[in-house]
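**Q** Sharing a model that was predicted from the sequence below.
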Amino acid sequence: MAMKEFVKAIRENKPDEAKELIEKITATMGELEEISELEPRGAEELKLRGYDTIEKLAGASLDKLEKIPILRKGRAFDVLKASQKIVKRKLRTLSGVGADRAKELLDFGYTSIEDLAKASESDLTGVPKIGIKSTKKIVKSAQEKQKTIEDIPGVGQERAEKIRSRGFDSLESLAKAPVSGLEEIPGIGSKSAKKIRKSAEEMVEKTIEDLPNIGPDRAKEIRSHGYGSIADLAGASLEELVKVPCLEKGKAKEVLDSGKELQGSIQGYRRAMEGTVSALDSERDLTLIRKIADGEFTEEKLEEIQKEMKTKATQDFRPSDERGFSEAWVDILEVILKEET
């Protein structure tokens, strides 16, 4: 709405009104809550400690930020949220499970389709806002979607029982099993062991290694603390995860870097808007906004310019202020194009 008012002020040659709107628009962009690495509670704590604007945060020292307790839990928080997101996405593939219900199931301790497939209808009636009719649908859907070791190509019931007898009782554990361990199972040679593990990995889809900033070494350490799968992590608490040494490190640097990035983006956004106000000078006839105002571009040409700006706004190799500049033009052109139609 504010951008629409800004374009209107430009069209009506009201530079003072346009400048006031620049302040209004960019002010809402500079909220700490816009930093993706910060949970709402983290933004509030930063404000209480004096970092109540993006500018102050971007100018802070890393040493001082690292002393703020909530920023020491960063990596654990990121891992927890990423795990929960993956689990909720899987749960939403079930009939009768949308975004809200997936969250309710997760909060109640159901972290996988396998959990729900094993649940009884009476178990699920304890989950808030889920009635008898819905529980039947969810359990039935989970049972139909549940994948077991028997579903792996080349593994029948007899071979599956042998695999389980060696401690690999789920697809998750099988996907992490050493090939050498599978080769020791009677009737499974080296070639079959590799095929079985690869199939299990593909059926599990996501593993701990796929989480943000978690590679093989950290994944190994996480598993050594009893979290063998993403489902295990999703069911853990933040307080439990920060006890894993590799997850202790906070996200002070990430928050600082994001603050600087956002500040640069806002500066670029502001620069684009201020440029359109400057273009109201009648002597500057060749500016983009003047040509648009004079109707020199067709709707197709404006769409082409907007597409080009969108590309520039999303290219990570460009400095944040350049991306912010392009993003502002995308928004300005969006308003202009809607007025054209």
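**A** Happy to help now that I have it. Residues are numbered from 1 along each chain as shown.

**Q** Let me see the ranges of the helices in the stretch 151-300 of the chain.
**A** 157-165, 171-175, 179-183, 190-204, 216-224, 230-234, 238-241, 252-278, 288-293, 299-313 (DSSP state H, counting those that start in this stretch).

**Q** Point out where the stretch 101-250 of the chain drops to low pLDDT.
**A** 204-206, 212, 248-250 (pLDDT under 70).

**Q** coming back round to it: nearest to S120, out of the helices of the stretch 151-300 of the chain?
**A** helix 230-234 (19.5 Å; C-beta to C-beta). C-betas here are computed from N, CA, C, even on glycine.

**Q** mind saving the C-alpha coords of the closest one as CSV?
**A** Extracted in CSV, the C-alpha atoms of helix 230-234 (Å, rounded to 0.1, in the frame of the first residue of the first chain):
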residue,chain,number,x,y,z
ILE,A,230,16.1,-36.2,11.6
ALA,A,231,13.0,-37.5,13.3
ASP,A,232,15.1,-37.9,16.5
LEU,A,233,16.3,-34.4,16.3
ALA,A,234,12.9,-33.0,15.5
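
**Q** heads up, I number from 498, so please use that
**A** Sure, I'll start counting at 498 from here, so that last one is helix 727-731.

**Q** In terms of secondary structure, what does that helix contact?
**A** When contacts are defined as 3 or more C-beta pairs under 8 Å, 6 or more residues apart in numbering; DSSP states H and E, helix 727-731 packs onto helix 571-588.

**Q** and whatever helix or strand comes next after the helix it packs on, C-alpha only, in PDB?
**A** Later in the chain than helix 571-588, the nearest helix or strand by DSSP states H and E is helix 596-604. Below are the C-alpha coordinates for helix 596-604, written out as PDB (Å, rounded to 0.1, in the frame of the first residue of the first chain):
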ATOM      1  CA  ALA A 596       0.200 -27.500   8.300                       C
ATOM      2  CA  ASP A 597      -1.500 -26.900  11.600                       C
ATOM      3  CA  ARG A 598      -2.200 -30.600  12.200                       C
ATOM      4  CA  ALA A 599       1.400 -31.600  11.300                       C
ATOM      5  CA  LYS A 600       2.600 -29.200  14.000                       C
ATOM      6  CA  GLU A 601       0.200 -30.600  16.600                       C
ATOM      7  CA  LEU A 602       1.300 -34.100  15.800                       C
ATOM      8  CA  LEU A 603       4.900 -33.100  16.100                       C
ATOM      9  CA  ASP A 604       4.300 -31.300  19.400                       C
END
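
**Q** hang on, the earlier thing: most tightly surrounded among the helices of the stretch 648-797 of the chain?
**A** helix 727-731 (a mean of 24; mean count of other C-beta atoms under 10 Å).
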